[in-house]
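Colleague: sequence and computational prediction follow.
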Amino acid sequence: MAGLAAMVMGLIGGGAVALPALASRTAAAPGASSSTTPAPGPAPSASGQGAHALSRSGNLLTGQTASFDGGVGSWLGYTTGTSVAPSSKAQSGSGSMIVTSTRRAAAEVGSGPPSRAIPATPGETYSASIQARAASTGTQVAGVLVFYSSSGTSVGSAWGQPVQDQTSAWTGTDPVVGLAPAGTAGVVFYVTMADLAPGAAQYLDSASVIAGGGGAAPIVAPLRTQGNRIYDAYGPVVLRGVVINGTELGVPDFPTDSEIGRAAAWGSNLVRVPLNESLWLNTCTAAAPSSSPAYPAQVAAEVGSITSRHMVALLDLHFNVTHVCGRSAPQAMADTAYSPTFWEQVAARFASNPLVAYDLYNDPHDIRDSVWLRGGTATYGGIPFQAAGMQQLYDAVRAKAPTNLVFASGNTWGNDPSSLPLQGAGIVDAVHDYTCQTPPCHATDPYNPSPILSRWTTVEESTPVAVTEFGFPGRFDGTFNTNLVAAADRAGIGWVAFAFDNTGTPFSLLADGSGAYEPLPGGMPVLAGLSRN
């Protein structure tokens, strides 16, 4: 474990760090297919929603290793000069563990050596936390889960978000959440402290490691809406998943079948797929075509990879143009010239697949509600264009796909419900919740998703609502995502996290995409929430 503390201290410092390379996952992904028709697969039991729920274990740490009452169990100090001993200062029970150091340095302790790792199962989610309190000077405390093979070799790790502890009260660490890679036989919970002075001490108590579910619970067609709920063949369902970027950019940026399999392994039952109007259609001229002839077939292969795993493929019009031979990009709204034709063709292509849903337009903004609904003149980038309204796009889809779910993002970047609602059946209203894009943030309460979500309370009473994008403030902070997942789950509405990648963009959920697909701190509440699907 040499160097573990040094590497996690870089994460604690808040900057972008080169996280350790994780071993490639070699286990076969759930059955994938290029077909656009979902394989029948195993059906849930007739018990309805309960068939979509996965239970969580009790604490996998036991006795003194969990409670520190009268001893420290199997815990060890791993950095030079770091030692552990029992203490009578307790957060609960009769004792805690005191960590001291003989030198000023980062300190690291672990729940045991790899030979005494907690037995763990590949593909299952694990969550760990601990209570911390400073004896004299507070420091940054973080949890790390390291997965080991039967031979004691590390096969993967997940690095938690640090918290500042204090002398006046106990502070719980944010849960560190990881997905056990292929080859996992056990897991060890490590705790790192950013800085201990010689003779300084930290108390730790109430250590916990919990196993959750693993893999996506199947969605079984047909899908329909009734009142403010979505139903599949076996009862009400809540759609939760991730956005996987790249399809809007074309080859070679399409997500791989393996990446889609990992989204399913996280517990997603929906993948949102951003599409490019110009790659599907020719939005330029015969002399200078903008379309990619292979693009529809490539999208179909991606859809097949998603729906064959019994997940919903939510196709989103993300890039379009505002005029002939215009730049294909996110615009203020869909365009009349091409967007209705785009949706007619896409809906016709996937009309026979009941696990395909259609997200009519991403992030409408800077338009009146009348334009949002019925279309009309809009201006973007100083250029006027004729916008297509949501009703026209919905009608284009319904002409070819009469029963699939249709999502309609609200106005003002998806923050606000339109005062002129879309008319039709099988509609899900879609919310985007970003209190800020990146720090510094001037919002009064940037970690609170409720100011945006509360605008949809009346809509939720009669229509299904889902948060189809959210995130703040970045990859190394999961506070906002934790709050949003909790708020959405309390309201019983679906959510789709942005984005399932490791590109280094502010909202990347993944630490590594080479095969392990472990979460960054911003992705940990997403993995934890999906594992409850």
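Modeller: Thanks, I have it. Numbering: from 1, shown residues only.

Colleague: how about residues contacting stretch 429-446?
Modeller: Applying Cβ atoms under 8 Å, 6 or more residues apart in numbering, the set of residues contacting stretch 429-446 from outside is 359, 363, 407-410, 413-415, 417, 447-449, 451-453, 456, 459, 463-474, 480, 484, 506. The way it works is simple: take the backbone N, C-alpha and C, and place the C-beta from them, glycine included.

Colleague: which ones among these lie within strands?
Modeller: With strands taken from DSSP state E, the overlap with the contacts of stretch 429-446 comprises 359, 407, 408, 409, 465, 466, 467, 468, 469, 470.

Colleague: got a ChimeraX select line for the buried ones in those?
Modeller: Provided next is the ChimeraX selection string for whichever of the ones in strands among the contacts of stretch 429-446 are buried by 16 or more other Cβ atoms under 10 Å:
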select :359,407,408,409,465,466,467,468,469,470
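
Colleague: just curious, which of the ones in strands among the contacts of stretch 429-446 is nearest to residue 66?
Modeller: Closest to residue 66 out of the ones in strands among the contacts of stretch 429-446 is residue 470 (33.8 Å), distances taken as Cβ to Cβ.

Colleague: who does the closest one bridge with?
Modeller: Taking DSSP bridges, one finds residue 433 as the beta-bridge partners of residue 470.

Colleague: quick check: it touching residue 499?
Modeller: No: the pair formed by residue 470 and residue 499 falls short of the contact definition of Cβ atoms under 8 Å, at 10.5 Å.

Colleague: now the strands for the stretch 51-200 of the chain?
Modeller: Assigned by DSSP state E, counting those that start in this stretch, the strands in the stretch 51-200 of the chain fall at 76-77, 82-87, 96-101, 105-110, 118-119, 125-134, 140-148, 154-159, 163-164, 171-172, 176-179, 186-196.

Colleague: need the pLDDT of the closest residue to residue 76 other than its chain neighbours.
Modeller: In this structure, residue 76 finds its nearest non-sequential neighbour in residue 110, 5.8 Å apart by Cβ to Cβ, 6 or more residues apart in numbering. At residue 110, the model reports a pLDDT of 98.

Colleague: same question for the one 10 residues further on.
Modeller: As predicted, residue 120 sits at a pLDDT of 97.

Colleague: mind listing what it touches?
Modeller: If a contact means Cβ under 8 Å, 6+ apart, then residue 120 has 126, 147, 180, 184, 185, 186, 187, 211 as its contacts.

Colleague: what about the second one, how many neighbours?
Modeller: Yep, that's residue 147 we're talking about. By the criterion of other Cβ atoms under 10 Å, residue 147 has 30 neighbours.

Colleague: try the fourth one
Modeller: Here the number of neighbours of residue 184 (other Cβ under 10 Å) works out to 25.

Colleague: then the fifth one?
Modeller: Other residues within reach of residue 185 by the criterion other Cβ under 10 Å amount to 20.

Colleague: the most far-flung residue of the chain relative to its centre: what secondary structure?
Modeller: Ranked by distance from the centre of the chain (Cα atoms, centre = their mean), the top residue is residue 287, with 42.2 Å. On the three-state scheme (DSSP: H, G, I helix; E, B strand; the rest coil), residue 287 is labelled coil.

Colleague: gap between the two ends of stretch 168-182?
Modeller: Separation of the first and last residues of stretch 168-182 by Cα to Cα, to the nearest Å is 42 Å.

Colleague: quick check: mean pLDDT of that stretch?
Modeller: Mean per-residue pLDDT for stretch 168-182: 96.

Colleague: likewise stretch 388-398?
Modeller: Average pLDDT, stretch 388-398: 98.

Colleague: hang on, residue 272 in a strand?
Modeller: Yes: assignment of residue 272 by three-state DSSP places it within a strand.

Colleague: so it versus residue 290, what's the distance?
Modeller: Separation of residue 272 from residue 290 (Cβ to Cβ, to the nearest Å): 24 Å.

Colleague: in terms of packing, which of the two has more residues around it?
Modeller: Per other Cβ under 10 Å, whichever of residue 272 and residue 290 has more neighbours is residue 272, with 32 against 20.

Colleague: look up which residues are beta-bridged to that one.
Modeller: In beta-bridge terms (that is, DSSP bridges), residue 272 pairs with residue 243, residue 314.

Colleague: nothing else from me, thank you.
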